[in-house]
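Q: sequence first, then the predicted structure:
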Amino acid sequence: MMADSFCRDCNRLTEIVFDHSAGDTICSECGLVLEAYSVDETSEWRSFANDSSGHDPVRVGGPLNPLLTDGGLSTVIAKPTAGSTQLLSGKWQTRGSTNPDRNLIQAFKSISDMSDRLGLVTTIKVVWWSSSTMLHIADDRANEIYKKVEDQKPLKGRNLEAIVAACLYIACRQENKPRTVKEFCSVANGTTKKELGRAKEFIVKHLEAELGQSIEMGTIHASDYVKRFGSNLGMNNQAVKAAQEALQKSEELDIRRSPISLAAAVIYVITQLTNDPKLLKDISVVTRVAEGTIKNSYKDLYPHLSRIIPDWFANEEDIKSLLY
């Protein structure tokens with residue numbers, strides 16, 4: 001906060017800065033601390049949202065969750081611990097031990113844990129399902145998908161880890177921020193690709209029955225993976241941009257490889273044209289694509305390299321120097 005005040009060192013009125021964290025009033029000209037340990041008398045109200053613009057700041061209270069009974073703010077009485085002298089009547093003991101949202105809360109926690117382990121951004125968590133359309137309202141998309149399916153079809157007896165992972169998979173696809181199936185399996189406590197595929201089909205089937213229309217999953221493009229893979233490999237911005245352009249041009253070719261395999265192969269090619277080439281095994285670890293698959297995808301791309309690699313990134317001679 002800037003203001004004018006008299007500085008005894010400058011011997012004139014100067015602009016001063018008030019440091020709220022330290023409580024110091026500092027002259028902006030000479031750096032003299034004019035007053036120290038001031039008490040900040042402004043309001044304590046804060047907002048803990050990711051983006052506080054347009055939101056009223058709040059001091060206490062958890063966020064409302066429209067998916068839970070009473071917005072998720074109902075009181076739950078815990079059972080007394082061993083040795084506790086606390087006594088509860090039968091009525092209150094029953095209230096404390098039963099929670100209609102217990103299964104939902106557990107599933108939402110699993111979704112949150114998986115999101116954190118996958119490093120998913122908050123844009124995956126904004127949508128409200130209605131009977132005919134989807135409107136962007138601050139809420140968790142994956143949570144809503146899960147609740148919609150549970151409301152229509154009880155999930156008892158099913159692999160809940162696979163169901164939760166499938167909800168996140170669908171949410172990522174719809175937000176055009178896809179993750180690989182192997183990545184989801186790695187955070188779903190041993191869930192296999194086959195189990196995840198079955199869970200996804202189960203969810204899509206029941207959502208389509210509920211909405212009366214097909215569910216748009218979003219098209220997976222190889223270029224969608226490059227930025228994340230490149231960041232994990234330590235690629236510079238120019239190399240990542242070149243890889244994205246190369247993959248976009250490769251879509252015009254008839255190369256029957258999965259988007260992830262193509263992304264891994266193009267990353268390998270691009271890094272070989274830089275001063276910091278990446279080892280095939282490192283690319284395999286980051287992309288979760290087998291080294292043999294990357295080599296075969298590279299062989300399919302090799303005849304077209306001069307066509308797909310941007311001219312501003314590498315010239316014809318550099319491209320021809322690459323080994324087959």
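A: Cool, the structure landed. Numbering: from 1, shown residues only.
Q: from here on, contacts and neighbour counts on C-alpha atoms
A: Noted.
Q: mind checking the pLDDT average for the longest helix belonging to the chain?
A: For the chain, the helix with the greatest residue count under DSSP state H is helix 193-211. Averaged across helix 193-211, pLDDT comes to 85.
Q: sort out which residues of stretch 283-294 are buried, please.
A: The neighbour-count check on stretch 283-294 (16 or more other CA atoms under 10 Å) flags 283-284, 287-289, 291, 293-294 as buried.
Q: report the contact partners of A165.
A: For A165, the contacting residues are 111, 114, 184-185, 188, 196, by CA atoms under 8 Å, 6 or more residues apart in numbering.
Q: pLDDT value on it, please?
A: 88.
Q: where exactly do the strands run in the stretch 51-200 of the chain?
A: 126-129, 134-138 (DSSP state E, counting those that start in this stretch).
Q: worst mean pLDDT among these?
A: With a mean of 31, strand 134-138 has the lowest mean pLDDT of the strands of the stretch 51-200 of the chain.
Q: would you mind pulling the contact partners of stretch 188-200?
A: Identification of contacts with stretch 188-200 by CA under 8 Å, 6+ apart yields 114, 161-163, 165-167, 169-170, 181-182, 185.
Q: who wins on neighbours among these?
A: A166 (30 neighbours; other CA atoms under 10 Å).
Q: any idea how far the closest residue to that one other than its chain neighbours lies from R173?
A: The shortest distance from A166 to any non-neighbouring residue, by CA to CA, 6 or more residues apart in numbering, is to K200 (5.1 Å). According to CA to CA, to the nearest Å, K200 stands 12 Å off from R173.
Q: if you count what's nearby, which of those two comes out ahead?
A: K200 (20 against 17).
Q: list the contacts for the nearest residue to K281 once chain neighbours are set aside?
A: In space, and not counting its chain neighbours, K281 is closest to E291: 6.5 Å by CA to CA, 6+ apart. Applying CA under 8 Å, 6+ apart to E291 gives the contacts 280-281, 284.
Q: how near is E291 to I255?
A: In terms of CA to CA, E291 sits 18 Å off from I255.
Q: quick check, F313 in contact with A242.
A: Yes. In this structure, F313 is within contact of A242 by CA atoms under 8 Å, at 6.6 Å.
Q: those two - which one has more neighbours?
A: Taking other CA under 10 Å, F313 and A242 do not tie; A242 has more neighbours (23 against 15).
Q: show me what contacts that one?
A: Here A242 is in contact with 270, 309-310, 313 (criterion: CA under 8 Å, 6+ apart).
Q: for the stretch 201-324 of the chain, which residues score under the pLDDT cut-off?
A: The stretch 201-324 of the chain contains residues with pLDDT under 70 at 213, 218, 324.
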